[in-house]
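**Q** show me the folded form of this:
(2 chains)
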There are 2 protein chains.
Amino acid sequence: MSSSSAPRQLPSLSARVHDLHASPIREILAVVGRPGMISFAGGLPAAETFPDFGLSAPDSVLQYGPTEGDPALRERIAEELADVGLDCGPEQVLVLSGSQQGIDLVGKLFIDPGTTVAVESPTYLAALQVFRFFGARFAPFTADTVSAAGFRDAKPAFAYAIPTFQNPTGHCYTTAQRDALAAACEGAGVPLFEDDPYRDLVYDACERRPVCAGLKDSPWIYQGSFSKSLAPGLRLGFLAASPEFFTYLVRLKQAADLHSNRLSQWLVLQQLESPERRERLAGLADFYRKKRDLFELALERHFGALASWETPAGGLFFWLTLNRRIDTRKLLPIAIEQGVAFMPGEAFYPDSPAATGTLRLNFSHAADDEIDRGLAQLAALVGAQQD
Amino acid sequence: MSSSSAPRQLPSLSARVHDLHASPIREILAVVGRPGMISFAGGLPAAETFPDFGLSAPDSVLQYGPTEGDPALRERIAEELADVGLDCGPEQVLVLSGSQQGIDLVGKLFIDPGTTVAVESPTYLAALQVFRFFGARFAPFTADTVSAAGFRDAKPAFAYAIPTFQNPTGHCYTTAQRDALAAACEGAGVPLFEDDPYRDLVYDACERRPVCAGLKDSPWIYQGSFSKSLAPGLRLGFLAASPEFFTYLVRLKQAADLHSNRLSQWLVLQQLESPERRERLAGLADFYRKKRDLFELALERHFGALASWETPAGGLFFWLTLNRRIDTRKLLPIAIEQGVAFMPGEAFYPDSPAATGTLRLNFSHAADDEIDRGLAQLAALVGAQQD
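**A** So this is what the prediction gives:
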């Protein structure tokens, strides 16, 4: 962890970031909040004109707010991060409009056409989509193969990883794997972008300490989400970053949407400060653990002879490797025709392989009675597939 | 207006857009909403796990939603657009997380390093900031100088304009100026990006018909905001676009933040559907008209001998041109020291001029008794300035 050390030599950023200047308006607005200041500067509407939305939140949530996020929420997030070992101050926390936004901002920060990004293979497909959009090439790694030598060869601008209940595999990095990823970043001087949206959905004992918390010298960006532990419709997440990156990320956020929804920020803060918070998280884990176990029983019944999988210790997905390496994309239209949807594994690979025989199954959304029926149908389809 | 015509030859888009593919997850999610479908595809949390936020909104606002926006809101927005002459269907409406997001998406859609963008001079500085960030060069125009010949010479990828209560000048394009801008776009085959956040803040009779509504052949993007007419803290805006651009913009939105806050979408819809809506808008205009008139009286008192201005028929700003062409950026720190903030005019010019003797004054935010005091102070400062 390097939160308090002096900024080191800046890693290589995208060319466009050099044209990224703070908005004079926002810089000034930061000052005009001082008591007694008469401001003709910003474009703030008069609070007297806001309609009554019938909310229990304070009226202040209706006005423009700081790009970084509301101070009380940033403090609370910093406290929660300190609890899990990531010792950064609230001044390093940026509230996001969902963690997809963090991926967009990090893409803008680092990626020019041709920039190499180290990514797990497979990994979250919407991250691949954004990185590719900004022009990235990929240097794939896995929890088992990651190494400083590999990173030194590939020279990525940063490494993107989901060490805790990985999407799509559900894998939770062991302590040794976390250490190896941290050592690879430090050994090759590669910044780490750690995406951690599922950490609260934990069903079995396992190491969940952020890999960023184990970094001594490498700069880092860590992000989390309230979509899974609270509610996705509120579109709220956050990132924390080492000082090299933080100011850039705030400016990028400012340019992207000025700041995040303040009503959501207030609602989430109430939940984080609720005395029932611990109990609620435990209930959440219980709910999903039951669902996972039920799903796995049905999987054993129908896919026991067709596929293998790791029982996910958390998160929302089973990742199946079929005994036959078929292209599951070809299976999808037939399955949908029959009323069952799944995610073909091929979409999650950075190098667009032809056929991987993998598929991702979400176990949190289908009703209990649909699970057995849906998996039976899917297994029949897979069984009938002659490759 | 060309909403229903077949797509024409596509204008020149950014190189990165060619790498922009729809997310397989989102494409599939669009299908799995069908009744009876068993979905193991997405990563939707179980609705049973959402906490009770004490909201009067339906629970569905807590779940993930469509990238384009909630259907009822899109329909309502399309109706309001039809009322002002922009006849597009709800399938051309994209809900945004505030209209700053529209600027980011349009920047991504069109701008590579070196791309020319036609912009008003002066114009909204956060738009200049985003376009510059993506690598734009600017071809400046004004309501009086815009022409097809100018656009043909400059070959901009698109033209960005705020014809109604322009930021920073407050100017409302006359009918002739609207026609000229439309003719310039059509004559040179330049797409128009019309930004219209202030249209509901109207104090005097004036032409407010969207310029996009007057286009016959040129493709267009029109955007509006609920920040000024409802509340900025909800971070909600929208765009409508001709078919050439719409699919791209949806994918860009998907990659940026999946979709906009659904609670805000619901709250805004209630306001748009409220039987008191017309009355509320009239009250809003009355409130700000009084404020503008009070501000202008104080301006005449203190700046009558120092500056000239156009009385804004709407919006939130007075734009002052000082008799002496001083660099008002140098004035700002002194003014702030004395407890008054304003926006130096120089920041709004695309070509970063040395000294313009202009400043933008917001009249909506300061309390009535602060206005006279603040302007007196500012005028004393300007008067003392020896250039």
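**Q** okay, and residue A:146 sits in which element?
**A** Applying DSSP states H and E as the criterion places residue A:146 outside every helix and strand.
**Q** got it, and the one 3 residues further on?
**A** With elements taken from DSSP H and E, the one containing residue A:149 is helix A:148-154.
**Q** report the distance from that helix to the chain centre.
**A** Relative to its parent chain, helix A:148-154 has a centroid offset of 24 Å by CA atoms, centre = their mean, to the nearest Å.
**Q** contact partners of it?
**A** A:116, A:118, A:139, A:141, A:159, A:183, A:184, A:185, A:186, A:187, A:188, A:190 (CB atoms under 8 Å, 6 or more residues apart in numbering or on different chains). Placement of C-beta: from N, CA and C, glycine included.
**Q** so what's the second one up against?
**A** When you say that, I think you mean residue A:118. Contact partners of residue A:118, counting by CB under 8 Å, 6+ apart, are A:138, A:139, A:140, A:141, A:151, A:154, A:156, A:158, A:159, A:160, A:190.
**Q** which residues of chain A fall in helices?
**A** Remark: helices assigned in chain A by DSSP state H are A:24-32, A:71-83, A:99-110, A:125-133, A:148-154, A:175-188, A:243-257, A:262-273, A:277-303, A:328-337, A:368-384.
**Q** which of the residues in stretch A:176-195 are buried?
**A** For stretch A:176-195, the neighbour count (16 or more other CB atoms under 10 Å in any protein chain shown) marks A:177-178, A:180-195 as buried.
**Q** if I look at residue A:337, how far off is chain B?
**A** Distance, residue A:337 to chain B, using CB to the nearest CB, to the nearest Å: 10 Å.
**Q** identify the residues contacting the closest residue in space to residue A:208 that isn't next to it in sequence.
**A** Closest residue to residue A:208 apart from its sequence neighbours, by CB to CB, 6 or more residues apart in numbering or on different chains: residue A:164 at 5.1 Å. Contacts for residue A:164 (CB under 8 Å, 6+ apart) come out as A:172, A:173, A:196, A:198, A:199, A:208, A:210, A:314, A:315.
**Q** name the member of the residues you listed with the most neighbours.
**A** Among those, residue A:315 has the most neighbours (other CB atoms under 10 Å in any protein chain shown), with 30 neighbours.
**Q** how far away is that one from chain B?
**A** Distance of residue A:315 to chain B, computed by CB to the nearest CB: 9 Å.
**Q** residues near the residue nearest to that residue when sequence neighbours are not counted, how many?
**A** Residue nearest to residue A:315 in three dimensions, not counting chain neighbours: residue A:165, with 3.0 Å by CB to CB, 6+ apart. If you count neighbours by other CB under 10 Å, residue A:165 ends up with 27.
**Q** OK, contacts around residue A:165?
**A** Contacts of residue A:165 by CB under 8 Å, 6+ apart are A:171, A:172, A:198, A:199, A:201, A:202, A:312, A:313, A:314, A:315, A:316.
**Q** ok, so of the residues you listed, who is nearest chain B?
**A** residue A:316 (5.3 Å; CB to the nearest CB).
**Q** assess the claim that the closest one and residue A:360 are in contact.
**A** No. Applying CB atoms under 8 Å as the test, residue A:316 and residue A:360 come out as separate, 9.6 Å apart.
**Q** list the buried ones in stretch A:145-157?
**A** A:146, A:147, A:148, A:150, A:151, A:154, A:156, A:157.
**Q** gap between it and the chain center?
**A** 22 Å.
**Q** not counting sequence-adjacent ones, nearest residue to residue A:134?
**A** residue A:111 (3.8 Å).
**Q** ugh, wrong one, I meant residue A:62
**A** residue B:231 (3.8 Å).
**Q** up against chain B, what does the stretch 151-300 of chain A have?
**A** Residues of the stretch 151-300 of chain A found near chain B, taking CB under 8 Å from any CB of the partner chain as the criterion, are A:167, A:227-228, A:230-235, A:254-264, A:267, A:270-271, A:280, A:284, A:287-288, A:291.
**Q** separate out the buried members of the residues you listed.
**A** A:167, A:227-228, A:230-235, A:254-264, A:267, A:271, A:280, A:284, A:287-288, A:291.
**Q** how is chain A divided into domains?
**A** A:16-273, A:278-384 (automatic domain parsing).
**Q** of all those domains, which lies closest to residue B:369?
**A** Closest to residue B:369 of the domains of chain A, according to CB to CB: domain A:16-273, at 9.8 Å.
**Q** report the distance from that closest one to the chain centre.
**A** Using CA atoms, centre = their mean, the distance between the centre of domain A:16-273 and that of its chain works out at 8 Å.
**Q** what's the end-to-end length of it?
**A** When the termini of domain A:16-273 are compared using CA to CA, to the nearest Å, they are 39 Å apart.
**Q** quick one: average pLDDT of that domain?
**A** Averaged over domain A:16-273, pLDDT sits at 94.
**Q** where does the prediction get shaky in the stretch 251-387 of chain A?
**A** Flagging of the stretch 251-387 of chain A using pLDDT under 70 yields the residue ranges A:386-387.
**Q** which of the helices of chain A sits most buried?
**A** Of all those, helix A:99-110 carries the top mean neighbour count, a mean of 26, counting by mean count of other CB atoms under 10 Å in any protein chain shown.
**Q** show me what contacts residue A:208?
**A** By CB under 8 Å, 6+ apart, residue A:208 lies in contact with A:84, A:164, A:172, A:199, A:202, A:314.
**Q** now the third one: how far from residue A:352?
**A** What that stands for is residue A:172. Distance of residue A:172 to residue A:352, computed by CB to CB, to the nearest Å: 26 Å.
**Q** please apply the same query to the first one.
**A** Distance, residue A:84 to residue A:352, using CB to CB: 35 Å.
**Q** give me the more crowded residue out of those two.
**A** Each of residue A:84 and residue A:352 has its neighbours counted (other CB under 10 Å); residue A:84 has more, 15 against 9.
**Q** that one and residue A:99: what is the separation?
**A** 16 Å.
**Q** what is the end-to-end distance of stretch A:154-165?
**A** 26 Å.
**Q** wait, stretch A:358-368
**A** Separation of the first and last residues of stretch A:358-368 by CA to CA is 23 Å.
**Q** that one close to chain B?
**A** Yes. Stretch A:358-368 reaches chain B (CB under 8 Å from any CB) through A:360, A:361, A:362, A:363, A:364, A:365, A:366.
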